[in-house]
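Visitor: sharing a sequence plus its predicted fold:
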Amino acid sequence: MRSLLAALSVAAAFSAASAHAEKRMFVIGNNADGYGIDRCLASGAACGFAMATAYCHSREFTQALSFRKVDRDEITGAVPTGGSGECTAGSCTDFVAIECGR
């Protein structure tokens, strides 16, 4: 009986820990206004972590876990085929993946 109770306690602890470790990945274009994505995130500049954290806070997450530039080939079904997602006048939209956590 004690071993069953111990096993249930351990299982409950693991499930509670995983419930609090919520993560979400956001893929955004470098033309998203207000976050410095084109200057900081897409280029990998030193200010990138602060910009990624600001973006996560705006989505009600506590912190940015990671961020990186992504290629169009890595994004399936989410890249627009016309308009702001294409290259126009010699300028192309870059995309950044930001992983946020609670």
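Guide: It's in. Numbering: from 1, shown residues only.
Visitor: now for the chain, the helix or strand with the poorest mean pLDDT.
Guide: Using mean pLDDT, DSSP states H and E, the weakest-scoring helix or strand in the chain turns out to be helix 2-20, at a mean of 54.
Visitor: what residues of the helix or strand that that helix is followed by count as buried?
Guide: Downstream of helix 2-20, the first helix or strand assigned by DSSP states H and E is strand 23-29. Using 16 or more other CB atoms under 10 Å as the test for burial, strand 23-29 gives 26, 28, 29. For glycine as for every other residue, the C-beta is placed from the backbone atoms N, C-alpha and C.
Visitor: I'd like to know which elements strand 23-29 is packed against.
Guide: strand 95-101 (3 or more CB pairs under 8 Å, 6 or more residues apart in numbering; DSSP states H and E).
Visitor: contacting residues around the strand it packs on?
Guide: The contact list for strand 95-101, computed with CB atoms under 8 Å, 6 or more residues apart in numbering, reads 21-30, 37, 41-42, 52, 55-56, 59, 61-72, 74-75, 79.
Visitor: just checking: what are the partner strands of it?
Guide: Strand 95-101 pairs in its sheet with strand 23-29 (antiparallel), strand 63-70 (antiparallel), by DSSP bridges.
Visitor: now those strands in a markdown table, with mean pLDDT and distance to residue 98?
Guide: Converted to a markdown table, the strands paired with strand 95-101 look like this (pLDDT from 0 to 100; distance: least, CB to CB, whole Å):
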| stretch | mean pLDDT | distance to residue 98 |
| --- | --- | --- |
| strand 23-29 | 89 | 5 |
| strand 63-70 | 89 | 5 |
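Visitor: reformat those as JSON lines; add distance to residue 92.
Guide: Converted to JSON lines, the strands paired with strand 95-101 look like this (distance: least, CB to CB, whole Å):
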{"stretch": "strand 23-29", "distance to residue 92": "10"}
{"stretch": "strand 63-70", "distance to residue 92": "12"}
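Visitor: quick one, which of the ones you listed gets closest to residue 93.
Guide: With CB to CB, the closest approach to residue 93 among those belongs to strand 23-29: 4.7 Å.
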